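**Student:** got a structure for you, letters missing:
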């Protein structure tokens, strides 16, 4: 119930779009198991910090280090220099149990997305290990108070952590997701499930266990990754896991019988290895084929990682857990393995990911895989609100500053509006280019179900306050438009016309099923030619035509960013200086931004503004 939903979610089975909650279920299980062991040994006066950590090393490190070694070997063969350098940083973070901190620090909107990080899954292991540094010490300090005060203290700590999680899911989502303070309540919930007397009534046990299982299944099927998480959304799967455990401690239940089915038990036995191996296999396979997974890919990958997990459990986990090696040997081997992996990571970073593995042409193109848009787009944090920012971070005085007598164009929308700014400022030197951009935020007046609070706050303020009071010569609505956006876009254009706001629309841009620089580098490195053309998202040509037809029917101007790059036969992917025009699936490099902006000017989107004379309002 913990590992299978996670694996299915990561493989892309849409029926389990809340499968990520399996990690939260695992946290509760882990908190129960480890907490119960520590408390039992403290009661028997047999607890030893040294023995505790020897058991943790036996349980965690052999399979972890084996998976890291194999993953690193494949990464050395497959990843390009910038990718390998970043992988090496995550390798060191995984070895020394701070990968959750590393991924939190690199969770910016234009940082490498999680889907391309082979060791992303180790964040949860880091949370666990950090918790198990604090838990024994906390219990040792509080046990003298007695069992009831100890439970009360743990409840208060858990409630404080839960409050932090609920608030942080909105205010600081990245920190809340990755860092221990907002996750500790989940592990403590498991610990507390082992500290309260379980129900002796068979009927009550059955009801509690069945309700708990229903909460887990409901979370897996109904949660959505667009919801603020963990926070309130994490309560059902965590509470459900605690209920199943609590009821099961007192005696048999029908739910317990289902979960004790031998195949289910076997999956539980290999669950740690399955968790360790599945994510690197998925990511590196995607990197190799440079495309999304097909249904056949998903089935074959699941079969492969399941087989590897069985081998890892049988040949790695079991011998070390049941072996006769003493604590000194365990500590020595763990330290040696950590040192080897750590030194390898350090060398890889310092040597730039071993660029000599590829030709200079491949290295140059692959260098754009880790491309970060420079701040000379006049954006920084203040004019483009990323996923980690709030509406309060938007600096209206800077981003909407106008000079009297000079025409002003306001570009409103998501990151696909933001990536036009540099090119427009360059192509329209006599025009002030203003911007109001937020990640994933369509520039429409009607609230969308996928809107974040920062997005809706920005759009509400912009349409209902700013544009109602301030004159702007032209408002350009630019976004990653899709067919589902046609109705709200039409409503927005009609609202603008009714309020005297002059508008134009910049359409959807060409996109690919993988990062364009990776596709181009793969073409050069191993062929065959035409890989990027085959990975083009062909549906966007239809979306471009549909948005254009709607905008022209409403009497507004339309600029096709799709046609700026793509003609009838193929798309332009490299600028005149050899740089790719896009640095990921669709966002423009500076060279690409300049190229597209020049095309929009030629298409007449700014016909009466380019000269620097403002039209009559």
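**Tutor:** Here it is on my side, so go on. Here the structure is a predicted model, which is why all the values come from computation and not from measurement.

**Student:** For stretch 427-444, give the mean pLDDT please.
**Tutor:** Averaging pLDDT along stretch 427-444 gives 93.

**Student:** Any buried residues in it, and which?
**Tutor:** When burial is assessed from 16 or more other C-beta atoms under 10 Å, stretch 427-444 yields the following buried residues: 427-428, 431-444. Just so you know, the C-beta spots here come from the backbone N, C-alpha and C atoms, and that holds for glycine as well.

**Student:** swap in stretch 119-134?
**Tutor:** If you call a residue buried by 16+ other C-beta under 10 Å, then stretch 119-134 has these buried ones: 119-132.

**Student:** I'd like the distance between the closest residue to residue 537 other than its chain neighbours and residue 226.
**Tutor:** Of all residues not flanking residue 537 in the chain, residue 511 sits nearest, at 4.4 Å (C-beta to C-beta, 6 or more residues apart in numbering). To residue 226, residue 511 is 20 Å away according to C-beta to C-beta, to the nearest Å.

**Student:** Could you check which of these two has the larger neighbour count?
**Tutor:** Neighbour count, other C-beta atoms under 10 Å: between residue 511 and residue 226, residue 511 has more, with 21 against 12.

**Student:** thought that one was touching residue 538?
**Tutor:** No - counting by C-beta atoms under 8 Å, residue 511 stays clear of residue 538, with 9.9 Å between them.

**Student:** and the helix or strand bottoming out on mean pLDDT in the chain, which residues are buried?
**Tutor:** Scoring the helices and strands of the chain by mean pLDDT, DSSP states H and E places helix 318-322 at the bottom, with a mean of 85. Across helix 318-322, burial judged by 16+ other C-beta under 10 Å covers residue 320.

**Student:** can you pull the buried residues of the helix or strand that comes right after it?
**Tutor:** Following helix 318-322 in sequence order, the next helix or strand is helix 327-350 (DSSP states H and E). For helix 327-350, the neighbour count (16+ other C-beta under 10 Å) marks 330, 333, 334, 337, 338, 341, 344, 345, 348, 349 as buried.

**Student:** quick one: the strands in the protein?
**Tutor:** Here the chain has its strands, by DSSP state E, at 384-385, 408-413, 432-438, 474-478, 503-506, 557-559.

**Student:** which one of those strands is the most hemmed in?
**Tutor:** strand 384-385 (a mean of 28; mean count of other C-beta atoms under 10 Å).

**Student:** Export the buried residues of helix 327-350 as JSON lines, with columns for pLDDT.
**Tutor:** Output for those, formatted as JSON lines (pLDDT from 0 to 100):
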{"residue": "330", "pLDDT": "84"}
{"residue": "333", "pLDDT": "89"}
{"residue": "334", "pLDDT": "90"}
{"residue": "337", "pLDDT": "94"}
{"residue": "338", "pLDDT": "94"}
{"residue": "341", "pLDDT": "97"}
{"residue": "344", "pLDDT": "97"}
{"residue": "345", "pLDDT": "97"}
{"residue": "348", "pLDDT": "97"}
{"residue": "349", "pLDDT": "96"}
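
**Student:** Relative to residue 5, which of these is nearest.
**Tutor:** Of all the buried residues of helix 327-350, residue 5 sits closest to residue 341, with 29.5 Å by C-beta to C-beta.

**Student:** Where does the prediction get shaky in the stretch 501-617 of the chain?
**Tutor:** Within the stretch 501-617 of the chain, the segments meeting pLDDT under 70 span 610-617.
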